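A.B. asks: the sequence and its predicted three-dimensional model are supplied below.
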Amino acid sequence: MPLRETEAIVLRTYRLAEADKIASLFTRQMGRLRAVAAGARRTKSRYGAALEPLSYVRVFIFEREHRDLLRLNSAELIESFFDMQKDYRIQLAAQYIAEVAERMVPEREVNERLFRLFLAVLRSLKHSGEITRPLLYFDFWLLRLAGFLPDFEHCQNCARNLPGDGYYGPGSEGLLCDSCRTGVTGQRISLQVTAAVRAGCQKPLERWISEEKAPAGCREVRHFLEDLIETHAERKLVTRAMMEEAAG
Ligand SMILES: [Zn+2]
């Protein structure tokens, strides 16, 4: 059984047997996977705090051929994102990232850019105290790297230039013009707002947040991008609903 070392972000853990857990991990060198952490539920487990949700860790994994579930040999903490989650809003944001990852990131596909995105967004949640732009940035780049980011300037149906506003509704994969939106009971979004957000997302997240104020309409764009994620995930996101409820 070959032992492999990789960096990883702990998406979450599930209880398995009396003493064990399954760790759902997004790893840097092996992609997203699940591994059994034997004994992880014991009080004095050798994993310590390394398996807390969203921890950035170094893990050693036994790779078994023809087996879906791998085995975790050990995990050590590189950077913790635990304390920030004492703030309930940040905890929900962190859980949202984990839920989207489990729904959208393909298993066993290495994606270095996506891994760096996760770290940048988690660090920004930890240090900026802001929620909207880190999540917006996460949604934008996750969709973009998955090839699902739509054209913001043309109607998805007739390909005409959108005049200033676009429309979308449940199940949309892009924006519609005023004539094509018939029957879509949807939301309107301004192209000016999406352009400002897209410009921000072209910068490193840390710089966008430290050097500029959040552009007006961030929440509108986030709503649209989260609808797109739900469309492609083919399900409603539990944490999205929880965040909306918490925001009141
Ligand atoms: Zn159209």
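C.D. replies: Cool, got the structure.
A.B. asks: please make it C-alpha for all contacts and neighbour counts, starting now.
C.D. replies: Will do.
A.B. asks: from Leu175, how far off is the residue most central in space within the chain?
C.D. replies: Note on the chain: the residue nearest the mean C-alpha position is Ile97, at 3.4 Å, using C-alpha atoms, centre = their mean. Distance, Ile97 to Leu175, by C-alpha to C-alpha, to the nearest Å: 24 Å.
A.B. asks: which residues of this protein fall in helices?
C.D. replies: 88-104, 112-128, 132-146, 191-201, 205-211, 218-233, 238-247 (DSSP state H).
A.B. asks: which one, of those helices, ends up nearest to the ion?
C.D. replies: Counting by C-alpha to the ion, the ion lies closest to helix 191-201 out of the helices of the chain; the figure is 14.7 Å.
A.B. asks: run through the chain and note the low-pLDDT ranges.
C.D. replies: 66-67, 184 (pLDDT under 70).
A.B. asks: what comes up buried for the lengthiest strand in it?
C.D. replies: With secondary structure taken from DSSP state E, the chain has its longest strand at strand 3-15. Buried residues in strand 3-15, counted by 16 or more other C-alpha atoms under 10 Å: Glu5, Thr6, Glu7, Ala8, Ile9, Val10, Leu11, Arg12, Thr13.
A.B. asks: of all the residues you listed, which comes closest to the ion?
C.D. replies: For these, the closest approach to the ion (C-alpha to the ion) belongs to Leu11, at 39.4 Å.
A.B. asks: residues in contact with the closest residue to that closest one other than its chain neighbours?
C.D. replies: Spatial nearest neighbour of Leu11, excluding adjacent residues (C-alpha to C-alpha, 6 or more residues apart in numbering): Ala98 at 4.9 Å. Going by C-alpha atoms under 8 Å, 6 or more residues apart in numbering, Ala98 touches Leu11, Arg12, Leu54.
A.B. asks: give me that answer again for 10 Å
C.D. replies: Applying C-alpha atoms under 10 Å, 6 or more residues apart in numbering to Ala98 gives the contacts 9-12, 24-26, 53-54, 92, 104, 118, 239.
A.B. asks: enumerate the residues of this structure near the ion.
C.D. replies: Cys155, Asn157, Cys158, Cys177, Cys180 (C-alpha under 5 Å from the ion).
A.B. asks: how about the CA coordinates for stretch 186-198, as CSV?
C.D. replies: Extracted in CSV, the C-alpha atoms of stretch 186-198 (Å, rounded to 0.1, in the frame of the first residue of the first chain):
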residue,chain,number,x,y,z
GLY,A,186,-37.0,36.1,-12.6
GLN,A,187,-34.7,38.7,-11.2
ARG,A,188,-33.3,41.6,-13.0
ILE,A,189,-29.6,42.4,-12.7
SER,A,190,-27.8,45.5,-14.0
LEU,A,191,-24.8,45.0,-16.3
GLN,A,192,-23.0,47.9,-14.7
VAL,A,193,-23.1,46.1,-11.4
THR,A,194,-21.9,42.8,-12.9
ALA,A,195,-19.1,44.6,-14.7
ALA,A,196,-17.9,46.2,-11.4
VAL,A,197,-17.8,42.9,-9.7
ARG,A,198,-16.1,41.1,-12.6
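A.B. asks: buried set for that stretch?
C.D. replies: Quick answer for stretch 186-198 (16+ other C-alpha under 10 Å): Arg188, Ile189, Ser190, Leu191, Val193, Thr194, Ala196, Val197, Arg198.
A.B. asks: give me the buried subset of the residues of the chain next to the ion.
C.D. replies: Among the residues of the chain next to the ion, those scoring as buried are Cys155, Cys177 (criterion: 16+ other C-alpha under 10 Å).
A.B. asks: out of the residues of the chain next to the ion, flag the one nearest to Trp141.
C.D. replies: Cys155 (21.3 Å; C-alpha to C-alpha).
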